[in-house]
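Trainee: Here is the input, now give the coordinates:
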Amino acid sequence: MKQPGFFDVEERLARLSGLGDQLEAFSRTVDFEVFRPDLEKALAYSDRIKGGRPPFDPVLMFKILVIQTLNNLSDERTEYLINDRLSFMRFLGLGLSDRVPDAKTVWLFRERLTQAGAIERLFDRFDATLRNAGYLPMSGQILDATLVAAPKQRNTNGEKADLRAGRIPEGWEDKPVKLSHKDRHARWTLKFTKAKRQEDGTFPTTDLAIPFFGYKSHISIDRKFRLIRKWKATDAAASDGARLREGLLDKTNTASTVWADTAYRSKANEDFMDKEGFVSKVHRKKPHLKPMPRHIQRSNAGKSVIRSRVEHVFADQKSQTGLFIRTVGITRATMRIGLANIVYNMRRFLFLERLNASA
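Mentor: Numbers count the residues shown, from 1 in each chain. Reported below is the predicted structural model:
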């Protein structure tokens, strides 16, 4: 077997390009250098007067987080695949002889950004890039939320009650290792889903309620380009409707219309939107113990044609990137959900650019 040479690697990379390397498309379309000022501010590295090995380039490390999010990888798996895949190395600008960050370095980098609360600034930075490229929020906005699973916690009823009250259960503080592995922010909730058709062709009279543990991702997308413009992360038991009044509406949208499902229909929300100049297209609820009036049925059906577009965002995040919380605590969960939202917008940006190029 002959010794592989430089041109052998170039030929392999050219073949990967021909097969459609998504990361190469990312490199061509997304200017990752725009993130550098926010990354350097959040990391606040010292000037290394005392010496020591220099840190890895922050943009390179951020691109590693993008790879992680795109492929739903653990830190250890990320380290292995960067060493293993030429497409990953090309995206990061690394050669075969270059030093590759290990799993601990990736964890420390992400943790430093998390503790600095940098994910909101990074999201806003890329949103500004989208606006500069001509993708302004237009035609109104659509709100929704989805549950994001986290590793289940095995707690007693008493411990659950303490956690809901914001207290640390008795005995946990004496065991710091146990405390560090206990997620005190994720919550249980019930996920309702339509009951399946039975063998005789009939449907059960009640829907299914499935226990769910984790967090919730709340987003607002613009109707025109379906890009995420506002977002928020909460525990799974948090109310969807209350988040509407907590900065989830985008006032820069060129249209004032707001679409959302019945979870967002309340007098407080309707008054808030009216006061802020928004036009509500929120679904109306069925009257209690009464049939749904036909005119409301038709109205809700018309709204659903537009509102359902937000479901495509969640489907993309869960099917393409496997959105799941591996970490402990709301701060790290916010970082994970924020990265997923940035990566979704990057993938959507690539699609829109291809669409414009072929038009």
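Trainee: ok, residue 292 - contacts?
Mentor: Counting by CB atoms under 8 Å, 6 or more residues apart in numbering, residue 292 touches residue 286. The way it works is simple: take the backbone N, C-alpha and C, and place the C-beta from them, glycine included.
Trainee: what's the pLDDT at it?
Mentor: With respect to pLDDT, residue 292 has a value of 88.
Trainee: Doesn't it belong to a helix?
Mentor: No - Residue 292 is assigned coil when assessed by DSSP: H, G, I helix; E, B strand; the rest coil, not a helix.
Trainee: and residue 121, what element?
Mentor: helix 119-132 (DSSP states H and E).
Trainee: which secondary structure elements does that helix contact?
Mentor: Counting contacts by 3 or more CB pairs under 8 Å, 6 or more residues apart in numbering; DSSP states H and E, helix 119-132 packs against helix 36-43, helix 330-358.
Trainee: the inter-axis angle of that helix versus helix 36-43?
Mentor: 170 degrees (axes from the mean of the first three to the mean of the last three CA atoms, to 10 degrees).
Trainee: and the angle from helix 119-132 to helix 330-358?
Mentor: Using the same axes, to 10 degrees: helix 119-132 against helix 330-358 is 10 degrees.
Trainee: who touches helix 119-132?
Mentor: Helix 119-132 has contacts (CB under 8 Å, 6+ apart) with 30-31, 34-35, 38-39, 42, 62, 113, 227, 229, 231, 334-335, 338-339, 341-342, 345-346, 349.
Trainee: and the helix or strand just after that helix, C-alpha only, in PDB?
Mentor: Remark: after helix 119-132, the chain's next helix or strand is strand 141-149, criterion DSSP H and E. What follows is strand 141-149, C-alpha atoms only, in PDB (Å, rounded to 0.1, in the frame of the first residue of the first chain):
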ATOM      1  CA  GLN A 141     -45.200  36.300  13.200                       C
ATOM      2  CA  ILE A 142     -46.100  32.800  14.500                       C
ATOM      3  CA  LEU A 143     -45.600  31.700  18.100                       C
ATOM      4  CA  ASP A 144     -45.400  28.200  19.500                       C
ATOM      5  CA  ALA A 145     -43.600  26.000  22.000                       C
ATOM      6  CA  THR A 146     -42.300  22.500  22.000                       C
ATOM      7  CA  LEU A 147     -41.100  20.100  24.800                       C
ATOM      8  CA  VAL A 148     -37.500  19.100  24.800                       C
ATOM      9  CA  ALA A 149     -36.600  16.000  26.700                       C
END
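Trainee: Would you mind listing the buried residues in the helix or strand just after strand 141-149?
Mentor: Heading C-terminal from strand 141-149, the first helix or strand you meet, by DSSP H and E, is helix 157-164. The neighbour-count check on helix 157-164 (16 or more other CB atoms under 10 Å) flags 159, 162, 163 as buried.
Trainee: pLDDT on helix 157-164, on average?
Mentor: 88.
Trainee: one step back: how about the helix holding residue 121: buried residues?
Mentor: Using 16+ other CB under 10 Å as the test for burial, helix 119-132 gives 119, 121, 122, 123, 125, 126, 127, 129, 130.
Trainee: Also stretch 240-255?
Mentor: Neighbour-count burial for stretch 240-255 flags 240, 241, 242, 243, 244, 248, 249, 250, 253 (criterion: 16+ other CB under 10 Å).
Trainee: Check stretch 270-285 too.
Mentor: Residues 273, 278, 280, 281, 282, 283, 284 are the ones in stretch 270-285 that count as buried (16+ other CB under 10 Å).
Trainee: out of these, which are inside helices?
Mentor: Among the buried residues of stretch 270-285, the ones falling in helices (DSSP state H) are residue 273.
Trainee: Out of the buried residues of stretch 270-285, give me the two with the largest separation.
Mentor: Within the buried residues of stretch 270-285, 278 and 284 form the most distant pair, 16.5 Å apart (CB to CB).
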